[in-house]
Every structure is written in structure tokens, then in C-alpha cells.
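# Need the 3D shape of this:
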Amino acid sequence: MAGVQIDPAKLQMVQELEIDMMSDMYNRLVSACHRKCIPIKYHETELGKGEAVCLDRCVAKYLDVHERIGKKLSTMSQGEEDLTKINLQENK
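Okay, the predicted model is just below:
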């Protein structure tokens, strides 16, 4: 069985897209959790215990939801691929 050849340009494009998506997710996470957990006016240079706990929970929830949505989209995409294959076979 021959090895699968991967086009280096396509591989680089996929890698760059993944980096962009992760950067976007990180920026959204930081923005959402900062807005939710840290007051607009800073009173101290260090995070308070309540702020730290809030941030921990916020990040955990954000990542959990992100993962769940990713799995759901993947499942939906796989279902669409299966339907397309079935439709192509029926139209032959």
C-alpha cells in the first residue's frame, strides 16, 4: 500500500487556518472572560481570589462549549457527507 502524498502548499494552508482559528478562539475567550470576571476599574495589581475563580470557571466552560460545538459540527458534517454519498449512488 503506497503512502499518501500530501501537497505541501495545502498542508501549509491547513496549518495556517488552524492557527488562525485557535488565535480567534483564544482572543474571544480572553475578551469574554475578562469582561465577565474583571471589573473595569482595577483596584489591585493582582487578581483577587473571586476573580481568579471566576476566570478558571469561565475558561473551563468556554473550552467545554467550544469542544461540544466542534463535535456537533463534525457529526453534522459527517452526516451530510453520508447523505451526499447515498444521493450520488442513487443517481447512478
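# what's the distance between residue 58 and residue 24?
Residue 58 sits 17 Å away from residue 24, going by Cβ to Cβ, to the nearest Å. Quick note: C-beta positions are derived from backbone N, CA and C, even for glycine.
# Residue 69 too?
14 Å.
# need the helix or strand of this protein with the lowest average pLDDT.
Evaluated with mean pLDDT, DSSP states H and E, the helix-and-strand set of the chain has its lowest mean pLDDT in helix 49-90, which scores a mean of 86.
# Packing partners of that helix?
With contacts taken as 3 or more Cβ pairs under 8 Å, 6 or more residues apart in numbering; DSSP states H and E, helix 49-90 sits against helix 8-37.
# in the helix it packs on, what counts as buried?
Taking 16 or more other Cβ atoms under 10 Å as the basis for neighbour counts, the residues of helix 8-37 that come out buried are 29, 33, 37.
# Between the residues you listed, which sits nearest residue 78?
Closest to residue 78 out of the buried residues of helix 8-37 is residue 29 (26.5 Å), distances taken as Cβ to Cβ.
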